[in-house]
Structures are given as C-alpha cells and as structure tokens.
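Enquirer: Dropping a prediction and its sequence here:
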Amino acid sequence: MLFEDPIVPSSSPLIAGLNAEQASAVLLPAEHALILAGAGSGKTRVLTTRIAWLLQSGQVSPGGILAVTFTNKAAREMMTRLSAMLPINVRGMWIGTFHGLCNRFLRAHHKLASLPATFQILDTQDQLSAIKRLCKQFNVDDERYPPKQLQYFISGCKEDGQRPQDVVARDEETRKKIELYALYEEQCQREGVVDFGELMLRSYEVLRDNDPVREHYQRRFRHILIDEFQDTNRLQYAWIKMFSAPPLEGLSSSGNAVFAVGDDDQSIYAFRGARVGNMADFVREFQVRHQIKLEQNYRSVSNILDSANQLISHNTHRLGKNLRTDAGAGEPVRVYEAVSDFAEAQWMVDEMKQLAREDVPRSEMAVLYRSNAQSRVVETALFNAGMPYRVYGGLRFFERAEIKHALAYLRLLENPHDDTSFLRVVNFPPRGIGARSIEQLQDVARASGCSLHDAVSAVTGRAGVAIGAFVAKLDVVREQTEGSTLREIIELVLEHSGLIEHYRAEREGQDRVENLEELVNAAESFVSVEGFGRDAVALPVDELGKPLTQSPASQGLDPNLPVLDEPLAPDAETGETLSPLAAFLTHAALESGDNQAQAGQDAVQLMTVHAAKGLEFDCVFITGMEEGLFPHENSMSDREGLEEERRLMYVAITRARKRLYLSHSQTRMLHGQTRYNLKSRFFDELPEACLKWLTPPQPAWAAPGGMGGGGQWQNGRRGGFGAPAALQPAWSPGFKERGDPKGLGQAEPEPDRGTEIRAGLTVFHNKFGEGKVLAVEGAGADARAQVNFTRHGTKWLALSVAKLTPIT
DNA sequence: ATGTTCTACCTTTTT
DNA sequence: GGTAGAACAT
C-alpha cells in the first residue's frame, strides 16, 4: 500500500510519550531493522507501538502482522497492550510464541507435514520418558548413553535444524546417538506426537519444501516482528527467513520487513542453543540498513545503571551500547559479606524489615540467586521472620505428577495410540498390572508394529485380562463422553481413573487432590475466560462466522491457501478444527501453567536470575556472589561461559530500580557439605564509587537467629579496588579470631593436626599464589588440602609436600 | 505386585 | 540436603 500523506508523528497520540530513539524505531519505513534495546529502555512499548502504528496508518492489515515472542506471558502482554491502544481484532494477527505459532501452522498444514490432525505435543518430561522407553526397547546401555544426554543431543540437533541424516558422525558414539535419534523420530511419528523442537523443525521444513505455501505466507506477512532476538537459535532464525522473501529477490520487491528487537548483553540462554550471533547474521544477510539503539533507561538510578554498564564492559564482542538514565544517583549499591549462608539470609531479612518500615511493598523486594538450591536458606529465614514470600520456578501446574497423570488419561481418550500416556497410567493408580504384563504387551506390539492399545487383544492369560479391562474402561469413557463438555469429560475421567481416590488415601495426597480439582477450573477458564484459549484453539465457528477466510486474489495471495485468521487454524482443506479436549491438551503442553497460585498476597519475590529476566523491582538482593556459584563453576572455565555468567549478572543488576544489595558468604552449605568460596570476581568489575561495603557491627556468628543488627552498619571500605579478592588484606581469618576462638561457630571444619592449615584459611603457595582452603582431609603424611587458587583454580595438595603459608 | 530403604544425582531452562 | 530411581524385602 502506498502513502499519499507524509506521516506526522506528533499528530498521533501513539507516539506522544516516546523519546526520540523510540519514536524513530516505531516510525521506521517498511524495511528490515534491528533495534538494540537495552534493559529498561521500553522495548515492549516500542514493539507494540510499532504494530499499532503500522495498523493505524493503514500500512498493513491485522492479517499482515507476524509477531513472535518466546514466552506466552510476553505474547499476552503484547496483545493486551495492543488492544488497549487500538480498537482492533487482535485475533486476526499472528502474535504468539515460536512454538505456539508453529503449532498453529502445523495444525493447518498437518497433511503437508505428515502429521495426524490431532497430533499431541510432548513436553520435556514426556520427551525424556519416550527416550527412556526407546532405549529400553533397543537394549541401549544407559551407562554409556544416558537418556538425559540423548535428549540433549536430539534437541540440540533439532535446534540446529538437523535430521539424523544431516548429522556428521565423527565417532562411534555419535553414530550410535544418531541411530537412536532416527529411531526416536520413528517412534514419535508412529505415535503421532511431536516434541518442542519438532514443532519448529517440522514447520520449517514444510515452508522450505513447499514453494506455494512459503510464497503465500511471504506475501501475507508484510511485517515480521521478533522479540528477544538474541535468544533465537539457528532453527528459529532459519524459520524467520522462510517467512521473509529470499534476499535474492531484493528487499523492496519482497515487500516484507523484519523488525528484530534484542539485546546482546542480555543473552543468557546460549547453553540452550540460543545464538547471539544471529543478530550479526541478520544485519549481514538481510542487509539491514536501520539499526537503532535504545539506550535511555527508565528503570534504575545511576549507581545501579553505572554498575551494570561497567560490569558488562568487561565482555568482548559486544555490539556496543551504554545505558543512561535521568534518575539521580540514588542510593549506593550495598555489599555485604556474611560469615555463613545463614547469616547472609538473616541479614537480608533484617534489611527487608527495614525496607518494609520505609513502606516498600514486599512485592517490590526480590531475592535473586544463581541456582535454585540457594532459595532454601532464604526461605527458612523469611519463614522464621514471618515474612510472606513467593518462590518462582520449580514445578508448574501442568508439570505436576498428578496433573500429568490426569492429562495422560485425557490424551488416551483423544488418541488411544499414545504409548507414552498409555504406559504412564496403565498401572496408575495400581491395578495389578506389573512389569511382566507390560513387557508382554510391549513384545506383542513390537512384533505386530502396532500401538500398545491395539496389542491388548493379542495378549493372553491373566495379563491380557487385566490390561483388557483397563483398555475397555477407557473405551467406555470415550464413548460416554461423546458430545460432553470439557468439564464433564474431565470430571468423568477423574472419577473413573481412580486418581482422586488414590491420592485421598495417601497421607500427603491432599495437595494433589486439590490440584486435580483445580484442573477442572483450568479447563473452565480455558473455555470461557480465554474464549477457548488464545493460542490454542479457534473460536467456535459460528461465533465469528468465518473460520476460514479465503485470501483475496487481488492482494497476490494464493486463493487456495487459508488466511488462517484463527489462532488455531482449522485444517487447510477440510476446515476441520480440534475438539475442545484436544485443544485443551495442546494448551496444557504449550503453556505449562503458572507456578503457584498463591498470588494476591503482598510477598517477597524469590527467583533465579534467569527467571527474573524481563521483570523489575524497587529493591533487589543478589545473593551468593561467590566464585563457583556466580560465576558458576561449570561455566567459569572458558571465556564464553564466563561472559554468559557476566551477562547473567548484568541482567540481575538491571532488575533493580532504586536499591541494589549484593552479598556473599564465607561459608555455604551446598550438597550437604560446607564450602568455602572466594567472593565473586564480578565485585572487581563494579565501579567502586557506586558501592558501599557494609561491615557487621559485631561478630555475626554469635548465635543463629540473633545475628545482624538491623541495618546499623559501619561504612568500612575494604582493600584497593581491582586487586584479586585473595590479594586484598585477608580479613576473613582475622575476622574469625576477633571473637570466636572456635572459628566459624557450628560450621567449624575438621582441624588438621600438625599443620595449621584449616578450611577457610587464605593461604599462599609458591607456585600457585593465593587461594582459599576449601577442605582438609586425612592426617599426618596423608593429609591433603583442597585449595581454590585465585589464578589456578581448585587443586588438591598433599600437605606433606606442598608448602602452604597461611596469610593473616 | 507393591511398599520400603538405599544410593547416586545435583546450573540456568521462556517452549 | 533433598529427590528420584533402583534394589530389596514383603
């Protein structure tokens, strides 16, 4: 479409509150663009306003928009904001997660994709159990080929867009893995299920191999917008390329524009296949002419922002970006060194109480940690202090065992050949079908190449009767629920499966019963509130009146292909849509459900740094700032890993608006044993002027519960900046001697006779330099010490040989 | 076939 | 320190 009138930004209320950078991003011409959006720079706002602007100015109709996010939450937010900005039908737009949109696409083109119309989606757990089952069937040595590792291998291949035949087998082990990958694919295909990677890969292949389909979508989607572009993997990038016209055709002739928004500094999912390099590739391959940096931060005070900037400047190969803020300096970043993880948690609670007195809502206080295991101490301290808190992460609703059981029954109603689900519940609750019977059944199924369900009739003897009864019951329920509502189906399944009964009899089963009852509610709200589920299913046909509109030939679109205006497209040929049950199951697989429903109460927020991405709080505590924890020991050996850890730290810091607290502890219980960690190297990468080092007013190891003084800290600045932690005036040992002759209170390590080397000491070694003793084992000539050296990592040393000098 | 104890595992994880 | 899966006993 062409424009007669020039666009006048100020005339549009949409543009009104935007700064110059943001407005220019929103108003870019319909060409490829990369927006480098720093933390807190209004990224989501730019993205949604861009869409709103495109629509309002008539450059594109809702059907011409393809907007991709990573999380359902982000997709929801975009839709909500959009419908608030414009009185339009957001349903016509393709806004969703990569996987949600792939699902939509594959439902519509399932024949081209060689999938049954009712294919079900395996989540990560399902995938693992499918692989385990496969390995058992083919007698794979699970010592040599752990199922988890196979899962990682298969997912990795798919994320790189590789089928078994594409993978190069450099060694015997890889060859075997590839073989299993192929067998796994066969199994999934036979059972009519797809995993997350397959959703992406299969839709990519349909687009790649079907010219008319691809060209149709290329013509349809005039504007392709991608959020969190730095987190895309190879396959996702290739997928996006399919929707945009090939570069050879020339940019202007293709008529569609890719608008990618991302921040290389916030790329924290490389370990999962994300490729920051996609940003540079995009600029090169799409010949991107418009790059805009959003560097104005609207979130944090400058002490916090400067800390983030300085930290991230230690990374190499950045695209380059420096955030600025108009908010004043604010409070300094407070740093606290605790004696134990317990004391650290206690100190935080004391600080939080103080904050609460200053009228900071608890929900504006967040505790961030590197790994989930760290939440426990904090939880205990908060619990003892009677302060409400909410832990994010962990099991989500649709991942709970009891819910997965119920879903397995439901899936069997929809597709009796789903062997994964079959095995999950054939003997749960226990109904006398043991491993032997199941093996028998599997043998028959394998021999005749059919599903477990179909093999039942051929199984003889007692096993046959028991399993036959199970299958018969399922068949009866399936018949009974013909024409029933989703709610009725679920209620009937819960009743007949015996799940509720089973959990009711269990001592600890009350929560599970409640969750199962909650499943009915989840289904209800899926049907009503969500108008049948935004990303999962089409509205009932008669409600919109046009489940499948044909594209006008005048726009150059293939009239034989569907416009797919419905979130969950009906079959391209038959117009067939999913049953409410099938749609609900899809919804359950793609949207794992909220973590805990205990929302509503004003509670302190606890989560991993990963989980905090995209969120913001007035006050943020980052805990466990220690070598080995943050940066994590598994990532700190190579530069790549370390830089990702640094980006993670950057994300953590930039979550805070007004106050930031960093803490580390001299000792920490991890995996059941006490560890002695050096403080994180990241402290050395923060601007000293922004920091305020807190010192405990009195020996903090005095007694559990009575520690911490409630915020009256002295301002004790510590050794010179930039020096490695261990080279600073060693204060930990001296600290110890000040009050407690026994050292670290209850956490006193085994003393070593003969030498004075003890865990917790900072020592000097002629070759390795300074380090902290982590543990001492054995006695006399056999005595060994584990020492974490600043420059050489962790080593075990024989004390009879190595000369270790304690530094005081 | 099922309930109980014991031993190995253990970053992060939007879908 | 906590959990999940396997060996073990009933």
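Expert: Nice, thanks for sending it over. Numbers count the residues shown, from 1 in each chain, chains lettered A, B, ... in the order given.

Enquirer: Let me see the backbone angles for A:Leu34.
Expert: Backbone geometry at A:Leu34, expressed as degrees, to the nearest 10, gives phi -120, psi 120.

Enquirer: Revised request: answer the last question for A:Val258.
Expert: A:Val258 adopts backbone torsions of phi -100, psi 120, taken as degrees, to the nearest 10.

Enquirer: Tell me how many other residues surround the closest residue in space to A:Ser340 that isn't next to it in sequence.
Expert: By the measure of C-beta to C-beta, 6 or more residues apart in numbering, the closest residue to A:Ser340 outside its immediate chain neighbours is A:Thr667, 4.9 Å from it. Where you see a C-beta, it was placed from the backbone N, CA and C, and this is true even at glycine. Using other C-beta atoms under 10 Å, the number of residues around A:Thr667 comes to 26.

Enquirer: I'd guessed A:Thr667 sits against A:Gly760; true?
Expert: Yes. Assessed by C-beta atoms under 8 Å, A:Thr667 is found in contact with A:Gly760 at 6.9 Å.

Enquirer: What separation do you get for the residue nearest to A:Ser340 and A:Val377?
Expert: 12 Å (C-beta to C-beta, to the nearest Å).

Enquirer: Nearest to DNA strand B: which residue in the stretch 651-800 of chain A?
Expert: Nearest residue of the stretch 651-800 of chain A to DNA strand B, counting by C-beta to the nearest atom of the strand: A:His671, 3.9 Å away.

Enquirer: Kindly report the same for chain A.
Expert: Among all residues of chain A, A:Gly434 sits closest to DNA strand B, at 2.0 Å; criterion: C-beta to the nearest atom of the strand.

Enquirer: quick one: contacts for the residue of the stretch 651-800 of chain A closest to DNA strand B?
Expert: Counting by C-beta atoms under 8 Å, 6 or more residues apart in numbering, A:His671 touches A:Ala373.

Enquirer: so how far is DNA strand C from it?
Expert: According to C-beta to the nearest atom of the strand, to the nearest Å, A:His671 and DNA strand C sit 4 Å apart.

Enquirer: do the same with A:Ala656
Expert: 29 Å.

Enquirer: so that residue touches A:Phe621, yeah?
Expert: No. Taking contacts as C-beta under 8 Å, A:Ala656 lies outside contact range of A:Phe621: 9.1 Å.

Enquirer: Now do the SS call for A:Val773.
Expert: strand (DSSP: H, G, I helix; E, B strand; the rest coil).

Enquirer: State the distance from the residue of chain A closest to DNA strand B to DNA strand C.
Expert: Plainly put, A:Gly434 is 10 Å away from DNA strand C if you go by C-beta to the nearest atom of the strand.

Enquirer: Just give me the neighbour total for the nearest residue to that residue once chain neighbours are set aside.
Expert: Once flanking residues are discounted, A:Gly434 sits nearest to A:Asn427: 7.2 Å by C-beta to C-beta, 6+ apart. Counted with other C-beta under 10 Å, the neighbours of A:Asn427 add up to 17.

Enquirer: Grab the nearest non-local neighbour of A:Thr380.
Expert: Leaving aside its chain neighbours, A:Thr380 sits nearest to A:Ala345 (7.0 Å; criterion: C-beta to C-beta, 6+ apart).

Enquirer: From what I see, the one you found and A:Ser375 are in contact.
Expert: No. Using C-beta under 8 Å, A:Ala345 is not in contact with A:Ser375; the gap is 9.9 Å.

Enquirer: out of these two, which sits in the busier spot?
Expert: When A:Ala345 and A:Ser375 are compared on other C-beta under 10 Å, the one with more neighbours turns out to be A:Ala345, at 29 against 22.

Enquirer: SS state for the more buried one?
Expert: Following three-state DSSP, A:Ala345 is assigned to helix.

Enquirer: Excluding sequence neighbours, find me the nearest residue to A:Val301.
Expert: That would be A:Gly330: by C-beta to C-beta, 6+ apart, it lies 2.6 Å from A:Val301.

Enquirer: burial count for the one you found?
Expert: The burial count for A:Gly330: 19, using other C-beta under 10 Å.

Enquirer: What's the first helix or strand after the longest strand belonging to chain A?
Expert: Longest strand of chain A, by residue count under DSSP state E: strand A:656-670. Once the chain leaves strand A:656-670, the next helix or strand it forms, by DSSP states H and E, is strand A:673-676.

Enquirer: Tabulate the CA atom coordinates of that next one in CSV.
Expert: This file holds the C-alpha atoms of strand A:673-676, laid out as CSV (Å, rounded to 0.1, in the frame of the first residue of the first chain):
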residue,chain,number,x,y,z
GLN,A,673,28.7,-30.1,52.8
THR,A,674,30.2,-26.8,53.8
ARG,A,675,32.0,-24.9,51.1
TYR,A,676,34.4,-22.0,51.4
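
Enquirer: in its sheet, what does it sit against?
Expert: Looking at strand A:673-676 with DSSP bridges, its partner strands are strand A:656-670 (antiparallel).

Enquirer: Which elements pack onto the helix or strand encompassing A:Glu173?
Expert: In this assignment (DSSP H and E), A:Glu173 forms part of helix A:172-191. Helix A:172-191 sits against helix A:124-137, helix A:147-159, with contacts defined as 3 or more C-beta pairs under 8 Å, 6 or more residues apart in numbering; DSSP states H and E.

Enquirer: close to DNA strand B, is the helix or strand following it?
Expert: Note on helix A:172-191: by DSSP H and E, the next helix or strand toward the C-terminus is strand A:193-195. No. Counting by C-beta under 7 Å from any atom of the strand, DNA strand B is not contacted by strand A:193-195; separation bottoms out at 8.9 Å.

Enquirer: buried stuff in the helix or strand following strand A:193-195?
Expert: The helix or strand immediately downstream of strand A:193-195 is helix A:196-209, counting by DSSP H and E. Across helix A:196-209, burial judged by 16 or more other C-beta atoms under 10 Å covers A:196-207.

Enquirer: do stretch A:321-335 as well
Expert: In stretch A:321-335, counting by 16+ other C-beta under 10 Å, buried: A:321, A:323, A:325, A:327, A:330-335.

Enquirer: on that earlier part again, identify each buried residue in the helix holding A:Glu173, please.
Expert: Within helix A:172-191, the residues that count as buried by 16+ other C-beta under 10 Å are A:176-178, A:180-181, A:183-185, A:187-188, A:191.
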